[in-house]
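K.L.:
Quick one: sequence plus predicted model below, questions after.
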Amino acid sequence: MSVQIEQLTKTYGNKKALDGVSFEVAKGRVTGFLGPNGAGKTTTMKILSCFIHQDSGKATVCGFDTQVSPKDVKRAIGYLPEHNPLYKDMYVKEYLRFVAGMYGLDRKMERVRDMIELTGLGREQHKKIGALSKGYRQRVGLAQALIHDPEVLILDEPTSGLDPNQLADIRKLIIDLGKEKTVILSTHIMQEVEAVCDEVVIINQGQIVANGSLQDIKEKAGGKGIMITVGFDRQIDLRKQFRKDGIQSIKKGEKDYQWIVTTDQDVDLRSDLFHFAVEQKMTMLELSRTTYEVEDVFRLLTNK
């Protein structure tokens, strides 16, 4: 495994940010690292990148312990933090040459040219970073994270501020990088997880609540079935009045008249709900069927 985390704990004052966190990430995989704000994602990534130390537990990157061999870990990692720190008075090409020099790279200019081409910065390379849009600044940050050809890439909200065309380009780049590197991707954009991630780790209140492929997590979270959203023109308690085999749960929806009926995967109760409305002499305002998406699973696991 390229990244191994075992029973990590970290406390800030009276708040336990990490509480026995353990997971592994293999080479050649893009792993989504998800969680609500304050769940412990950034703390975990800071420990992996040797910015801070854990209170207990162990983290290794490419076989190097983050506390014993921090320099080796830093050589093996490319890190794009959420708040991308750049020297805004430097030109793009100048900045990347500067970063390459800090890593002591041979053939610095060749690596700079490669990164400019890889991240689509060709037209912007002679501009000052401060004059770039937020999306292009993200590209510069991604280029600096990749310039020393790290084995592990840690990306915290890498597509923040990108327009739809840029978004597609960066997602494709992340997928391509994931074929030969270990990529840990932290994001709040659930469509991004569906688009690029092979596996997902979900953290909530400092603990891992799910770890595996998207399909496995959906099934373990009860997301194997069908969700039916139904609405009527008057207030009723559908939980008491509607009983059928195959129902997993009935919950109130976001709107006053809505109900969410979750059923087994092979059970579709839309016609039963329609006949129920007719029998109760109600007008049906809404009736729709959806399967579980990663956003639904995320909300189920982090709202408990």
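P.N.:
Right, received. Where do you want to start? Quick caveat, the model's predicted, so the values are computed rather than measured.
K.L.:
ok, and the helix or strand in this structure with the lowest average confidence?
P.N.:
helix 214-220 (a mean of 76; mean pLDDT, DSSP states H and E).
K.L.:
How far away from the center of its chain is it?
P.N.:
Centroid separation for helix 214-220 versus its chain: 15 Å, with C-alpha atoms, centre = their mean, to the nearest Å.
K.L.:
Now for T66: which residues touch it?
P.N.:
47-48, 50, 53, 59-60, 73 (C-beta atoms under 8 Å, 6 or more residues apart in numbering). All C-beta spots, glycine's among them, are computed from the backbone N, C-alpha and C.
K.L.:
Looking at these, which are in helices?
P.N.:
Using DSSP state H, the subset of these located in helices is 47-48, 73.
K.L.:
hmm, back to that, now, which of the contacts of T66 sits nearest Q166?
P.N.:
L48 (26.7 Å; C-beta to C-beta).
K.L.:
Regarding F274, which helix or strand does it belong to?
P.N.:
Using DSSP states H and E, F274 sits within helix 270-279.
K.L.:
model confidence over that helix, on average?
P.N.:
Throughout helix 270-279, pLDDT has a mean value of 93.
K.L.:
and that helix, what does it pack onto?
P.N.:
The elements that helix 270-279 packs onto, with contact taken as 3 or more C-beta pairs under 8 Å, 6 or more residues apart in numbering; DSSP states H and E, are strand 226-232, strand 284-291.
K.L.:
in that helix, what counts as buried?
P.N.:
273, 276-277 (16 or more other C-beta atoms under 10 Å).
K.L.:
if we take those residues, which one ends up nearest to I174?
P.N.:
Among the buried residues of helix 270-279, and counting by C-beta to C-beta, the member closest to I174 is L273, at 41.3 Å.
K.L.:
Quick check: nearest residue in space to the closest one, chain neighbours excluded?
P.N.:
Nearest in space to L273, with sequence neighbours left out and distances taken as C-beta to C-beta, 6 or more residues apart in numbering, is V230 at 5.1 Å.
K.L.:
how many neighbours does the one you found have?
P.N.:
For V230, the count of nearby residues is 25 (other C-beta atoms under 10 Å).
K.L.:
Name all residues that make contact with the nearest residue to V152 once chain neighbours are set aside.
P.N.:
Spatial nearest neighbour of V152, excluding adjacent residues (C-beta to C-beta, 6+ apart): T182 at 4.5 Å. The contact partners of T182, by C-beta under 8 Å, 6+ apart, come to 2-3, 25-29, 31, 151-153.
K.L.:
if we go to 10 Å?
P.N.:
If you count contacts by C-beta atoms under 10 Å, 6 or more residues apart in numbering, T182 has them with 1-3, 25-31, 61-62, 76-77, 150-154.
K.L.:
What are the buried residues along the least confident helix or strand of the chain?
P.N.:
Result for helix 214-220 [16+ other C-beta under 10 Å]: buried residues 214, 217-219.
K.L.:
Also stretch 15-29?
P.N.:
16-19, 21, 23, 25, 27, 29.
K.L.:
and the two most separated of the residues you listed?
P.N.:
K16 and K27 (31.0 Å).
K.L.:
Show me the strands in the stretch 51-200 of the chain, by range?
P.N.:
Taking DSSP state E, counting those that start in this stretch, the strands of the stretch 51-200 of the chain run over residues 56-61, 64-65, 77-80, 152-156, 182-186, 199-204.
K.L.:
Mind putting those into CSV with mean pLDDT and distance to D268?
P.N.:
Output for these, formatted as CSV (pLDDT from 0 to 100; distance: least, C-beta to C-beta, whole Å):
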stretch, mean pLDDT, distance to D268
strand 56-61, 96, 46
strand 64-65, 96, 52
strand 77-80, 93, 44
strand 152-156, 93, 39
strand 182-186, 93, 35
strand 199-204, 93, 27
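K.L.:
For these, give me TSV that also has distance to T263.
P.N.:
As requested, the strands of the stretch 51-200 of the chain are arranged in TSV below (distance: least, C-beta to C-beta, whole Å):
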stretch	distance to T263
strand 56-61	41
strand 64-65	48
strand 77-80	42
strand 152-156	37
strand 182-186	32
strand 199-204	24
